[in-house]
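In: Next come a sequence and a model predicted from it.
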2 protein chains.
Amino acid sequence: MTGKLYIVGVGPGHHDHMTFRAKEVIEESDTIVGYETYVNLVQDLIEGKTVYRYAMTQEVERAHQCIDLAKSGKIVSLVSSGDPGIYGMAGLIYETLAESNWNPKDGLQVEIVPGVSALNSCASIIGSPLMTDFAVVSMSDLLVPWEIIEKRVEAAAQGDFVIVIYNPASKKRIHQLQDTRKVLLKYRKSTTPVAIIKGAFRESETIVMTDLENLPNHSDKLGMISTVIIGNSSTYTYKDLMINPRGYKSKYNLEEQTNPDLKV
Amino acid sequence: MTGKLYIVGVGPGHHDHMTFRAKEVIEESDTIVGYETYVNLVQDLIEGKTVYRYAMTQEVERAHQCIDLAKSGKIVSLVSSGDPGIYGMAGLIYETLAESNWNPKDGLQVEIVPGVSALNSCASIIGSPLMTDFAVVSMSDLLVPWEIIEKRVEAAAQGDFVIVIYNPASKKRIHQLQDTRKVLLKYRKSTTPVAIIKGAFRESETIVMTDLENLPNHSDKLGMISTVIIGNSSTYTYKDLMINPRGYKSKYNLEEQTNPDLKV
């Protein structure tokens, strides 16, 4: 007997920003697995279900457990905040299945349920920073050597990408964002806008709008639920918003007449 | 009298992947504005409302119209597919408001409702390509000179980023992806996995898994509703999936024992 495995992103933490599909598969599931903090985000949806709560850094066990449960006939939702397809559990599940010669056509059914990730939610509350090309970089060096990450930051700076930083710091890991700032200052003005968003759409939400120069003054706002967005050469601020224009302003005219032919 | 302006992303097109907030604000609105194809995606939610449908390339008029309607007291949803914060209408709305000395604190209320963008939805149906750092690049040269875009592609290649390409081609614009491929082949193997996703989660959905070598054989799958995901040096394929490992495999062991202490 074979069950199903859903890898579900519940968005930034507030149910408003969860998708209908995410709620639907959680409700359909008899078994819920997830890092404790993520499971708590959907506590109201999982009464009466079998729930396995994991501590951080037990991802490999979590993947095996989910696959074993689904193979035994359970309908399993592995839940996480954000989107499990972005630095999430989707990869480890597929890696593990691939090593066991899984056949997607007639073996265990797996569905990734995409969600609103930190890049989507954080951008939405600080303005419009992602109107132009952007690079997404995780500062976590648990699984990737720092030299590789730093090389990516340099490349993103050279390409004038807006940069979205996941996992900017943890209690034990603070030098990465400082080093990133140094690299960026070789290419960008010290007045380049920077936003630090902590706990987007949660009750604890805090937003700091600063710039590359003053970023070191806000290290208390960095942590595992923080995201940092660093502007590129065309980013500007207006009031407390970080705005990227859609393209090169000279190419269109904001004063253009309203089209009289619009269809009602 | 002042109304409200919601800039709403409805996700990839299937209501399942819309957020609760997106549906809620559309229902609350008396006025719906959007590019015709996007408005059609939510046709069932907008019966009885005043609906303004625009043709493509009327974005500036659309922004002015929405702001004027909201200022006159209407509750307006400007709808789009995906996430309006990623290459969407959020930027033009804020740019236009900023030029009119808008004050977010006591002027028109604006809310960006984030959604599942093409990078989230397309990644979810082809495997786990975004487990590592990635760059997002639009090939549209309507508002950005091609030289800038090509420079970004080169930087993304140098940084070994997975690359997500929005707007890879249109009827009149086909050279960009060909040029991009040439740049990437300077840095990446010809066997680097490439996925072309057209109409993700729509009835017309088609997925092609190919590689840099064979990408030119699939130009019929490119268009304005296509997204292209190009792997980096650690991307591999398994069956029809594109997989990126979570990090450097040597750092963890997929055969690790299941933790006997997991909490039920």
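Out: Structure's in. What do you need?
In: and the helix or strand encompassing residue A:95, anywhere near chain B?
Out: Per DSSP states H and E: residue A:95 is located in helix A:90-99. Yes. Helix A:90-99 comes into contact with chain B (CB under 8 Å from any CB of the partner chain), by way of A:90-96, A:98-99. In this view, the C-beta of every residue, glycine as well, is placed from N, C-alpha and C.
In: Please apply the same query to stretch A:51-67.
Out: Yes. Contact between stretch A:51-67 and chain B, assessed by CB under 8 Å from any CB, occurs at A:51-54, A:58-61, A:64-65.
In: which of those sit farthest apart?
Out: Largest separation among the residues of stretch A:51-67 next to chain B by CB to CB: A:51 and A:60, giving 19.7 Å.
In: how much space is there between the residue of the stretch 51-200 of chain A found nearest chain B and residue B:131?
Out: Using CB to the nearest CB, the single residue of the stretch 51-200 of chain A nearest to chain B is residue A:143, 2.3 Å away. Separation of residue A:143 from residue B:131 (CB to CB, to the nearest Å): 10 Å.
In: hey, what's in contact with both of the two?
Out: Common neighbours of residue A:143 and residue B:131 (criterion: CB atoms under 8 Å, 6 or more residues apart in numbering or on different chains): B:246-247.
In: out of those two, which sits in the busier spot?
Out: In terms of neighbours (other CB atoms under 10 Å in any protein chain shown), residue B:131 is the more surrounded of residue A:143 and residue B:131; the figures are 29 against 18.
In: confidence score at the residue in the stretch 151-264 of chain A that chain B sits nearest to?
Out: Residue nearest to chain B within the stretch 151-264 of chain A (CB to the nearest CB): residue A:247, separated by 2.3 Å. If you check residue A:247, the pLDDT there is 70.
In: repeat for residue A:11
Out: 96.
In: dump the residue contacts of it.
Out: So residue A:11 contacts A:17-19, A:22, A:81-82, A:115-116, A:121, A:201, B:19 (CB under 8 Å, 6+ apart).
In: Identify the residues contacting the closest residue in space to residue A:132 that isn't next to it in sequence.
Out: Spatially, and ignoring its direct neighbours in sequence, residue A:132 is nearest to residue A:244 (4.9 Å; CB to CB, 6 or more residues apart in numbering or on different chains). Contacts here follow CB under 8 Å, 6+ apart; on that basis residue A:244 touches A:128-132, A:162, A:231-232, A:234-235, B:91.
In: For residue A:78, list each beta-bridge partner.
Out: residue A:7, residue A:33 (DSSP bridges).
In: How many residues are close by it?
Out: Going by other CB under 10 Å, the residues that sit close to residue A:78 add up to 33.
In: Send me the helix or strand of chain A with the lowest mean pLDDT as CSV with only the CA atoms.
Out: Ranked by mean pLDDT, DSSP states H and E, the helix or strand of chain A with the weakest confidence is helix A:36-41, at a mean of 91. Presented in CSV, the C-alpha positions along helix A:36-41 are these (Å, rounded to 0.1, in the frame of the first residue of the first chain):
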residue,chain,number,x,y,z
GLU,A,36,8.6,22.4,15.6
THR,A,37,8.2,26.1,14.7
TYR,A,38,6.7,25.4,11.3
VAL,A,39,4.2,22.8,12.7
ASN,A,40,3.1,25.5,15.2
LEU,A,41,2.2,27.8,12.3
